[in-house]
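Q: model this:
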Amino acid sequence: MAPERARVAFVFPGQGSQAPGMGRILRESSAAARQVWQAADASYGASLSELTGAGSSEDLQPTDVQQPAIVAASVAAFAAFNEVLGVNGAAVGTSGYPVDVGAVAGHSVGLVSAVAAAGCTPIGEAVALVRDRGRFMAAAAHEKPGRMAAVLGLDTDAVEDLAAAIRAETPGSYLAVANINAPGQVVVAGDLAAIDRIVNEGRQSGARRVLALNVSGAFHSVAMLPAQAAMRDRLLAVGIDAPAVPVVSNIDATPLTDPAAIRAELANHIVAPVRWLDGIHAIEALGVRHIVEFGHGSILTGMLRRTVKGIALHNVSDLESAHAVAAALSSG
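A: Numbers count the residues shown, from 1 in each chain. Modelled structure (predicted):
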């Protein structure tokens, strides 16, 4: 009898995972990763690989550079992993794929990486889409300035109560929960005055720490409504096929398998809070034994260490880690 294949989930990071030089070493060592970056450059309209590989932190700061660079780096890591598995160009779950993948998930813009990995859309279309996504979000942030802050040490209900209290006392405020990342790690987004208040007053309400994030807008809040509308129109020009495996929703943690539902998610999650913690619990319920993060760094793995028990956590960011993870999955 053939050994049972390890049940796995693949996850992809969002903003905050970027860094100068990301993906450069993998491009040099993996033909599959290099092909992803070539496709990304062609669809981006400039050398995204050069901006990412040789640019500074400031060069990566614009949202319409940062987001496509993150998607390209993540999908390139996935392609290198497939190269190691001997299934170049395959989507997860397709016939003959040697790993039993239960679901894919992506944090915020990482959702686009997950959709590409699941075979819904090619990398070129994905990069062009997130380039425009970044432009829409930057324009919305310009029209309605805001920021984000991470609240550490409080549960979601406590952060929602704190945000509601500040919102009630701050004229015109739209402060609200934006990301629920891990137990005791909740991100809020809102107007500048309210973010200043929660950063300065959060510890008085029991938070261990409140950190203003280095982002250019109040993402995943009502400030992004114009970007949501623009994305709905933009997605009409993007082909979305059914995924080879379910894509976990950022909005409500449900498994998405219908192209229309995925198309709606890609627009609506720009405004809705990222319920990452709920999504990970949904992945746990599938009985997965491994979760693999693809892309630069290990930002999601750090969250997962605080969330899941009894599941092996892995990162693929270069060819060495691709070989190591492939071996770990092969051994169960």
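
Q: starting at the chain centroid, how far to the longest helix seen in the chain?
A: What stands out as the longest helix in the chain, according to DSSP state H, is helix 63-85. Here the centre of helix 63-85 is set off from its chain's centre by 11 Å, with C-alpha atoms, centre = their mean, to the nearest Å.

Q: can you show me the CA trace of that helix as CSV?
A: Output of helix 63-85 as CSV, limited to C-alpha atoms (Å, rounded to 0.1, in the frame of the first residue of the first chain):
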residue,chain,number,x,y,z
THR,A,63,2.0,50.6,-2.9
ASP,A,64,1.9,49.9,-6.6
VAL,A,65,5.5,48.6,-6.5
GLN,A,66,5.3,46.9,-3.1
GLN,A,67,2.2,44.8,-3.8
PRO,A,68,3.3,43.3,-7.2
ALA,A,69,6.8,42.7,-5.9
ILE,A,70,5.4,40.7,-2.9
VAL,A,71,3.1,38.6,-5.3
ALA,A,72,6.0,38.0,-7.7
ALA,A,73,8.4,36.9,-4.9
SER,A,74,5.8,34.6,-3.4
VAL,A,75,4.7,32.9,-6.6
ALA,A,76,8.4,32.6,-7.7
ALA,A,77,9.1,30.7,-4.4
PHE,A,78,6.1,28.5,-5.1
ALA,A,79,7.4,27.9,-8.7
ALA,A,80,10.9,27.0,-7.4
PHE,A,81,9.2,24.5,-5.0
ASN,A,82,7.3,22.9,-7.9
GLU,A,83,10.6,22.8,-9.8
VAL,A,84,12.1,20.8,-6.9
LEU,A,85,9.0,18.5,-6.9
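
Q: what average pLDDT does it get?
A: Rounded to a whole number, the mean pLDDT of helix 63-85 is 92.

Q: cool, and stretch 202-221?
A: 92.

Q: just the C-alpha atoms of it, please, in CSV.
A: Presented in CSV, the C-alpha positions along stretch 202-221 are these (Å, rounded to 0.1, in the frame of the first residue of the first chain):
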residue,chain,number,x,y,z
GLY,A,202,-3.9,52.0,24.2
ARG,A,203,-1.7,50.9,27.1
GLN,A,204,-4.1,52.7,29.5
SER,A,205,-6.8,50.3,28.2
GLY,A,206,-4.8,47.2,28.9
ALA,A,207,-2.8,46.7,25.7
ARG,A,208,0.7,45.5,26.2
ARG,A,209,1.9,47.7,23.3
VAL,A,210,0.4,49.7,20.4
LEU,A,211,2.6,50.3,17.4
ALA,A,212,1.9,52.6,14.5
LEU,A,213,2.6,50.7,11.2
ASN,A,214,4.7,52.1,8.4
VAL,A,215,1.9,52.0,5.8
SER,A,216,0.6,54.8,3.6
GLY,A,217,-3.1,54.5,4.3
ALA,A,218,-6.0,53.0,6.3
PHE,A,219,-6.2,49.7,4.4
HIS,A,220,-9.1,47.3,5.1
SER,A,221,-11.3,50.1,6.2
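
Q: ok, residues contacting the one helix or strand residue 198 maps to?
A: For residue 198, the host element (DSSP states H and E) is helix 192-201. Residues from elsewhere that reach helix 192-201 (C-beta atoms under 8 Å, 6 or more residues apart in numbering): 145-149, 151, 162-163, 166-167, 170, 173-175, 188, 190, 210-212, 218. C-betas here are computed from N, CA, C, even on glycine.

Q: now do stretch 123-132
A: For stretch 123-132, the external contacting residues (C-beta under 8 Å, 6+ apart) are 36, 39-40, 42-45, 48, 64, 67-68, 70-72, 75, 109, 112-113, 115-116, 121, 230-231, 234-235, 238-239, 266.

Q: please convert the buried members of these into ChimeraX selection syntax.
A: To isolate the buried members of those in ChimeraX, using 16 or more other C-beta atoms under 10 Å:
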select :36,39,40,43,44,48,64,67,68,70,71,72,75,109,112,113,115,116,121,230,231,234,235,238,266
